[in-house]
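Peer 1: coords please:
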Amino acid sequence: MRVLHIITGLGMGGAEQQLRLLLRHQPADCDVITLTNAGTVADGIVADGSARVSDLGMSGNRDVAALPRLSRLIKGGRYDLVHTHLFRACLYGRIAARTAGVRAVVATEHSLGDTQMEGRRLTAGVRGLYLTGERLGRMTVAVSPAVGQRLHRWGVPRQRIRVVPNGIDVDRFLFDPDARARTREHLDLPEHAFVVGGVGRLTRGKRFDVLLRAASQLPDDVVVLLVGAGDQEQELRRLADRLALADRVRFVGEAEHEDGRAAGRAPDLPSLLAAMDALASPSPEEAFGLALVEGLANGLPVLYTSCPAIDGLPLDDLRPGEQANASHCPSDPDAFAQVLFRLRGRDLSHRTAAAAVRHYSITRSADQLMDVYASVVSGLTPKVSP
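Peer 2: As a prediction, this is how the structure comes out:
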């Protein structure tokens, strides 16, 4: 099967990293077109040898001249199926695929909340445009049941929604004590510091300000490690200064999921997780919560306000005591401070993965997605997801 993936950009981000991981496990002949920004993840896909990558070079959301170029590329590739990712790519990709004569079109909805999409506020205009584009495809993949329910409330028929959760390479995220020691030294973290991590784009919707305000209520041995980049970074730095936390907060920027053990390389995400003692997500709206699943795979206790991935874990897969590793908290500094204070006394230098996270193995997700592809290409309707 020849599959073309179309995505808005390939800079560092959750949807982008998820596409890269999926391509490694997808038994199909794949190409990727990024509408813009063939960045770090594009380089990684090429290095993996899992797909060919082209940059369409769109100048912005209203660059309609890109449509005929995209349609020609689709038609010339003789693809069996087109799979789109993220809002702009879903809109342009569906239109271009139809123009090129490809009817087997699947879209993945990675980041739909109740009030925002991809970190931007939802409006009636955005919803209307989304639904207009959705009708040009055959199936929308939701990364969690929560996203599937939101799509249905918007007006997408249930028979056109299939839930295929995000996946992770569980073994890559298993706790490594050597990586813990090495990364703490690299980041100049005190040996006995209690390190609380936050992973994600540094935007208002992630509410990392809640984590900083919680840390300001805790003893001086509590250090916050923020992994990510975004337009709120400078505001968060100023808040850390006002809270007298400047020497207790590390901003480490974006982190690769790949192995960072080579000399001179910055720590990768598994190594950064190993350096932490807890992982916190005060975001009130999440479509999945991939970073928290990765944290559980690393054996970390996680605190969260919204995480459909944790809510969707089958209870039968949880070993005794594993439920205690996931604590639900309102997006409030006092609530996060109270849970973190209780965790601070635990020895977390030796830990094992929560067995339940294998429910989100990338091989399982890739297999489920191939089933969707087969049904869409054949013209059959996949089994309706809840």
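Peer 1: was I right about Pro177 contacting Ala274?
Peer 2: Yes - when contacts are counted by Cβ atoms under 8 Å, Pro177 is listed as touching Ala274 (7.5 Å). Yep, even glycine has a C-beta here, placed from its N, CA and C like the rest.
Peer 1: The two: which has the busier surroundings?
Peer 2: Ala274 (26 against 11; other Cβ atoms under 10 Å).
Peer 1: Is the more buried one in contact with Arg172, as I believe?
Peer 2: No - counting by Cβ under 8 Å, Ala274 stays clear of Arg172, with 11.6 Å between them.
Peer 1: neighbouring strands for the least confident helix or strand in the chain by mean pLDDT, and are they parallel or not?
Peer 2: Counting by mean pLDDT, DSSP states H and E, the weakest-scoring helix or strand in the chain turns out to be strand 120-121, with a mean of 78. Next to strand 120-121 in the sheet, as set by DSSP bridges, lie strand 116-117 (antiparallel).
Peer 1: Domain-wise, how is this structure divided?
Peer 2: Structural domains assigned to the chain are 2-167+361-378, 170-359, following automatic domain parsing.
Peer 1: which stretch in those domains has the least confidence?
Peer 2: Note on the domains of the chain: lowest mean pLDDT is at domain 170-359, with a mean of 88.
Peer 1: And it, end to end?
Peer 2: 10 Å (Cα to Cα, to the nearest Å).
Peer 1: Renumber starting at 51 from here on
Peer 2: Sure, I'll start counting at 51 from here, so that last one is domain 220-409.
Peer 1: what's the spacing between that domain and its chain's center?
Peer 2: Distance of domain 220-409 from the chain centroid (Cα atoms, centre = their mean, to the nearest Å) equals 15 Å.
Peer 1: What ranges does the stretch 301-436 of the chain have for its strands?
Peer 2: Using DSSP state E, counting those that start in this stretch, the strands of the stretch 301-436 of the chain run over residues 328-331, 352-354, 376-378.
Peer 1: Among those, which comes closest to Phe244?
Peer 2: Closest to Phe244 of the strands of the stretch 301-436 of the chain, according to Cβ to Cβ: strand 328-331, at 7.6 Å.
Peer 1: May I have the strands that pair with the closest one, each with its orientation?
Peer 2: Strand 328-331 is paired, per DSSP bridges, with strand 244-249 (parallel), strand 352-354 (parallel).
Peer 1: returning to what we had before: with distance to Gln282 and mean neighbour count added, can I get the strands of the stretch 301-436 of the chain in a markdown table?
Peer 2: Shown next, in a markdown table, are these (distance: least, Cβ to Cβ, whole Å; neighbours: other Cβ atoms under 10 Å):
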| stretch | distance to Gln282 | mean neighbour count |
| --- | --- | --- |
| strand 328-331 | 15 | 26 |
| strand 352-354 | 19 | 24 |
| strand 376-378 | 24 | 18 |
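Peer 1: which stretch among those strands comes nearest Val246?
Peer 2: strand 328-331 (5.0 Å).
Peer 1: Extract the C-alpha trace of the closest one and format it as CSV.
Peer 2: Provided in CSV are the C-alpha atoms of strand 328-331 (Å, rounded to 0.1, in the frame of the first residue of the first chain):
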residue,chain,number,x,y,z
ALA,A,328,7.8,13.4,39.6
LEU,A,329,6.1,14.6,36.4
ALA,A,330,3.3,17.2,36.6
SER,A,331,0.8,18.4,34.0
